[in-house]
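S.K.: For reference, the sequence and a predicted model appear below.
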Amino acid sequence: MRKLLIWLPFILFLAFVGLFASGLFQPDDRIIHSRLVGQPLPAFALPAGASDRPALASADLATGQPRLLNIFASWCVPCAAEAPQLMALRQAGVEIDAIAIRDARADVDRFLQRYGNPYDRIGLDARSGVQIALGSSGVPETFVIDGQGRIAYQHIGDIRADDVPMILDRLRSAQ
Amino acid sequence: MIAETGLAALWLAAALALLQLVLAFAGLKGGKPELLAAVRPAAVAQGALTAGAFALLITLFLRSDMSVLLVATNSHSMKPWLYKFAGTWGNHEGSMLLWVTVMGVAGAAVALFERALRRDTHMATLGGQAAISLGFYAFLLFSSNPFTRIDPPPPDGQGLNPLLQDPGLAFHPPTLYLGYVGLSVAFSFAVGALLTGRVDAAFARAMRPWVLAAWVLLTLGITAGSYWAYYELGWGGWWFWDPVENASLMPWLAATALLHSVTVLATRDALRAWTIMLAVIAFSMSMVGTFLVRSGILTSVHAFAVDPERGSFILALLAVYIGGALALFGWRIGSVREGAPFELVSRETLLVVNNLLLSVILGVVLIGTLYPLMTEAFGHKVSVGAPYFDRIAGPIALTLMLALAIGPLTRWRRDRVSVVSKRLLFPAFIAILVSVSLSIFAWDRMGILPFLGLVIALAVGAASLAPLWKRNLLRTPLFTWGMVIAHLGCAVSLAGMACDSAFTVEKLVAARPGDTIKTAGWTLRFTRIAPLAGDNWTALQADMQVDRGGTPVLIRPQSRFFASPPTTTTEAALLTRWNGQLYVVLGEEVEGGRWQLRIWWKPFVTLIWLGGILIALGGVLALVGRERRGWLMKWRARQSQPWEAVA
């Protein structure tokens, strides 16, 4: 009995370690995914977010060709990290539109000048109302939109270099 | 060069820790005193090197050296110097380096100043301390190097989390860390004593100052953290049962139990195994807390980045050290003889009761904190909030307060129920008086827990002053004063908590400049709202004239915007009066030029933190009172004898 009592803390601790380990190695599913995947985009029309790109409306995204919708902001550090991958996708012939969140046109211009401009159209979502309607919770995020203007895939966080082939695959299967 | 020198110092310190470990155990095992002679110098040099590395990291932050990755990601050249300085530990790598530094310096102090411990236990303790340090060195050097460079350096840094840009928070983490790591010394002592099999009163007297010092710092750290959360987060509460808060509360609970049990061991040579167990648990809780905060497996308002790799590293450290210590406990504790016996009615019994209740609260908090993790393992997601903790920990804490009232009025070894109850007559009278008057004046206004809380707080306040009754106050030992003041602090805090939850008045309004708001006897005139620029922020500031039938006072709640990284923080306006605090938060603009205002009148809320400070003060008095004679004797002995001979 006494022996058991002495070893009890050790046994309890082992159980805790097991618990911690299972928590640590479980796939992280705390990220909120949009319920709109597979659904058509909600209707919106945004003013132009940069001085040399046209404005963006939801109708512009149903062009018969799959395209990317990137959600970014000039104040967002991971967005700057993501910029080279978007340029690479652009060079691979992907059409990309963007929504700038809680931003100002001058800041967006400066951001694009510094990190490159892979976008066809840029909408300015000053109060992030459209972002919320899209079911997006942060910047950057990227949606794959199929030719009919339906959301085919949502990528949360920045696109890393090793994500690029996967994004290209998603675009191909959204054809 | 500074970063490279810092990294080199860190590697050297790690090598010395390894040497210290090997020397201590080879020396003890083989009985070779010449090996043991080098252990203390190694510990001192190791402490000096880590302190040097940390000083170099501070230098890098103060100079805004953006070629160092850590500085670039956590600092900004525009920041006030105080926050550049505090930015050193306001991030993962820096705080781990602080951890290692405090451990190294504490180890050096144990090597230099600890003279009460038997020599073999002392050496085993230093070996244990080196073993723990080694794991953390490995963690820093292999997975969290604070001195990594980036090329090319960015033009400017990303800044420090604006929530952390507050003088209170700049010094809150170091205080807590000193406490956490102070407990590592107690842990090493326990390991040393288990290895040599010497657990007795002398050992407890050597361990006690370390436990007391760590406990005082933890108390101050928690008090400061609670006040920070209260005024900076702008939600008007002072405790959230957030995993990060619990991570600091759990070691404090264990350390409080340890503090009392080590006193029993020092005074009466009882509770040997229990004291060792608590020493192991107290530091384990510090490590578990660190793990929960650093690994990101629990979500929290102020947790650090989610990083499974680092999480696994800390988990491995946890498994090795705590698992190792608990296994050592199971294996060796049988060889520690039973301590002195005591009667059922005695101060020892009440201290055992205190220990058990503290352990139960610790268990409740631990389970509540880990419960989301447990259910997630079975596929459900739940969160455990304040109601669980309040409802379960609250009544146990109140019971604990009763033990706290009776304990100091009971004699060591044996006492008589009739005599003890006589001593309790006065506190009992206070309790009856308070409950009667509360029932008359505020029965319908308060819940059962705040009601009991207030009654018990006032009774315990009276009971904790009782040991001074009919004593020559000048001749009363400092240690007794310490106990009285710390216990009084608990009563004061409890009274503050009960008043806050029972009598707080809250009002949420949307007001235009020019409007007047009346609440809880206060008149608030909202005069204007204007923008304001600070060092690295801009703000909207509201001007309000407030009064309660006297001269109006101007208060200015703010909503601050930080550019880098983009964040909004609330700066609540606090107006402190002797009987409470007025707390005003400026919210968002609503339609038609009206602004959301949250107004609280919180009677006696400041008692919560005043109590915390009293508790810590009591600890300091106890520390000085117990150790002063020892320090004087050691100092005199050193005057007359060569250095080594005393050791």
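M.R.: In hand now; what should we look at?
S.K.: what bridges to residue B:584?
M.R.: residue B:573, residue B:599 (DSSP bridges).
S.K.: So what's the residue count around it?
M.R.: For residue B:584, the count of nearby residues is 24 (other CB atoms under 10 Å in any protein chain shown). To be clear about C-beta, it is placed using only N, CA and C from the backbone, and glycine gets the same treatment.
S.K.: residue boundaries of the helices in the stretch 201-350 of chain B?
M.R.: Here the stretch 201-350 of chain B has its helices, by DSSP state H, counting those that start in this stretch, at B:201-232, B:243-268, B:272-295, B:308-332, B:347-377.
S.K.: Show me what the helix or strand harbouring residue B:621 is packed against.
M.R.: Applying DSSP states H and E as the criterion places residue B:621 in helix B:607-640. Secondary-structure packing of helix B:607-640 (3 or more CB pairs under 8 Å, 6 or more residues apart in numbering or on different chains; DSSP states H and E): helix B:201-232, helix B:478-503, helix B:643-646.
S.K.: So the nearest residue to residue B:9 once chain neighbours are set aside: helix, strand or coil?
M.R.: Distances taken as CB to CB, 6 or more residues apart in numbering or on different chains place residue B:53 nearest to residue B:9, at 4.2 Å, with adjacent residues excluded. Under DSSP: H, G, I helix; E, B strand; the rest coil, the three-state class of residue B:53 is helix.
S.K.: Look up how far residue B:78 lies from the nearest residue to residue B:80 once chain neighbours are set aside.
M.R.: Excluding its sequence neighbours, the residue lying closest to residue B:80 (CB to CB, 6+ apart) is residue B:535, at 5.0 Å. Note on residue B:535: its distance to residue B:78, by CB to CB, to the nearest Å, is 7 Å.
S.K.: Low-confidence ranges, chain A, go.
M.R.: In the predicted model, chain A carries pLDDT under 70 at residues A:1, A:26-35, A:137.
S.K.: near chain B, which residues of it?
M.R.: A:6-7, A:9-10, A:13-14, A:16-17, A:19-26, A:28, A:30, A:75, A:77 (CB under 8 Å from any CB of the partner chain).
S.K.: can you rerun that using 10 Å?
M.R.: Taking CB under 10 Å from any CB of the partner chain as the criterion, chain A approaches chain B at residues A:2-26, A:28-30, A:73, A:75-77, A:80, A:102.
S.K.: From those residues, keep the buried residues only.
M.R.: Among these, those scoring as buried are A:6-7, A:9-10, A:13, A:16-17, A:19-21, A:23-24, A:73, A:75-77, A:80, A:102 (criterion: 16 or more other CB atoms under 10 Å in any protein chain shown).
S.K.: From those, which land in helices?
M.R.: A:6-7, A:9-10, A:13, A:16-17, A:19-21, A:23-24, A:77, A:80 (DSSP state H).
S.K.: tell me the contacts of the most centrally placed residue in chain A?
M.R.: Nearest to the mean C-alpha position of chain A, counting by CA atoms, centre = their mean, stands residue A:141 at 1.4 Å. Applying CB atoms under 10 Å, 6 or more residues apart in numbering or on different chains to residue A:141 gives the contacts A:34, A:69-72, A:79, A:99, A:101, A:131, A:134-135, A:154-159.
S.K.: Looking at these, which are in strands?
M.R.: A:69, A:70, A:71, A:72, A:99, A:101, A:154, A:155, A:156 (DSSP state E).
S.K.: you'd agree the second one is up against residue A:131?
M.R.: In other words, residue A:70. No - proximity of residue A:70 to residue A:131 does not meet the contact threshold set by CB atoms under 10 Å, at 11.8 Å.
S.K.: Could you check which of these two is surrounded by more residues?
M.R.: residue A:70 (24 against 20).
S.K.: Could I get the full set of helices for chain A?
M.R.: With DSSP H as the criterion, chain A has helices spanning A:2-25, A:77-91, A:105-115, A:129-133, A:164-173.
S.K.: contacts for stretch B:316-326?
M.R.: Under CB under 10 Å, 6+ apart, the answer for stretch B:316-326 is A:6-14, A:16-17, A:20-21, B:128, B:131-132, B:134-136, B:138-139, B:184, B:187-188, B:190-191, B:194, B:276-277, B:279-281, B:283-285, B:287-288, B:290-291, B:295.
S.K.: one more time with 8 Å
M.R.: Stretch B:316-326 is contacted from outside by A:9-10, A:13-14, A:17, A:20, B:131-132, B:135-136, B:139, B:187, B:190-191, B:194, B:280, B:284, B:287-288, B:291, using CB atoms under 8 Å, 6 or more residues apart in numbering or on different chains.
S.K.: Burial check on residue B:579, number of neighbours?
M.R.: Counted with other CB under 10 Å, residue B:579 comes out at 12.
S.K.: which residues touch it?
M.R.: B:603, B:604.
S.K.: measure it to chain A for me?
M.R.: 43 Å (CB to the nearest CB, to the nearest Å).
S.K.: Residue B:198 should be in a helix, yeah?
M.R.: No - assignment of residue B:198 by three-state DSSP gives coil, placing it outside any helix.
S.K.: Isn't residue B:65 up against residue B:71?
M.R.: Yes - counting by CB atoms under 8 Å, residue B:65 touches residue B:71, with 5.4 Å between them.
S.K.: Tell me which helix or strand residue B:568 sits in.
M.R.: Going by DSSP H and E, residue B:568 is in strand B:567-571.
S.K.: can you state the direction angle for that strand and helix B:201-232?
M.R.: If you take axes from the mean of the first three to the mean of the last three CA atoms, to 10 degrees, strand B:567-571 sits at 100 degrees to helix B:201-232.
S.K.: rewinding a little: compare residue B:65 and residue B:71 (neighbour count), which wins?
M.R.: Using other CB under 10 Å, the more surrounded residue of residue B:65 and residue B:71 is residue B:71, with 31 against 19.
S.K.: can you pull the contacts of that one?
M.R.: Contact analysis of residue B:71 by CB under 8 Å, 6+ apart lists B:60, B:61, B:64, B:65, B:87, B:157.
S.K.: Need the three-state assignment for it.
M.R.: Under three-state DSSP, residue B:71 comes out as helix.
S.K.: next one: stretch B:279-298 to chain centre, how far?
M.R.: Distance of stretch B:279-298 from the chain centroid (CA atoms, centre = their mean, to the nearest Å) equals 13 Å.
S.K.: before we move on, what about stretch B:523-539?
M.R.: The answer for stretch B:523-539 is 34 Å, by CA atoms, centre = their mean.
S.K.: burial count for the residue lying closest to residue B:575 once chain neighbours are set aside?
M.R.: Leaving aside its sequence neighbours, residue B:575 sits nearest to residue B:582 (CB to CB, 6+ apart; 4.2 Å). Residues lying near residue B:582 (other CB under 10 Å) number 22.
S.K.: Is it possible to get TSV of the helices of the stretch 201-350 of chain B that adds mean pLDDT?
M.R.: Below are the helices of the stretch 201-350 of chain B laid out as TSV (pLDDT from 0 to 100):
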stretch	mean pLDDT
helix B:201-232	91
helix B:243-268	92
helix B:272-295	86
helix B:308-332	86
helix B:347-377	88
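S.K.: so can I have JSON lines of those helices showing distance to residue B:340 and mean neighbour count?
M.R.: Shown next, in JSON lines, are the helices of the stretch 201-350 of chain B (distance: least, CB to CB, whole Å; neighbours: other CB atoms under 10 Å in any protein chain shown):
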{"stretch": "helix B:201-232", "distance to residue B:340": "9", "mean neighbour count": "23"}
{"stretch": "helix B:243-268", "distance to residue B:340": "6", "mean neighbour count": "25"}
{"stretch": "helix B:272-295", "distance to residue B:340": "9", "mean neighbour count": "25"}
{"stretch": "helix B:308-332", "distance to residue B:340": "21", "mean neighbour count": "19"}
{"stretch": "helix B:347-377", "distance to residue B:340": "9", "mean neighbour count": "19"}
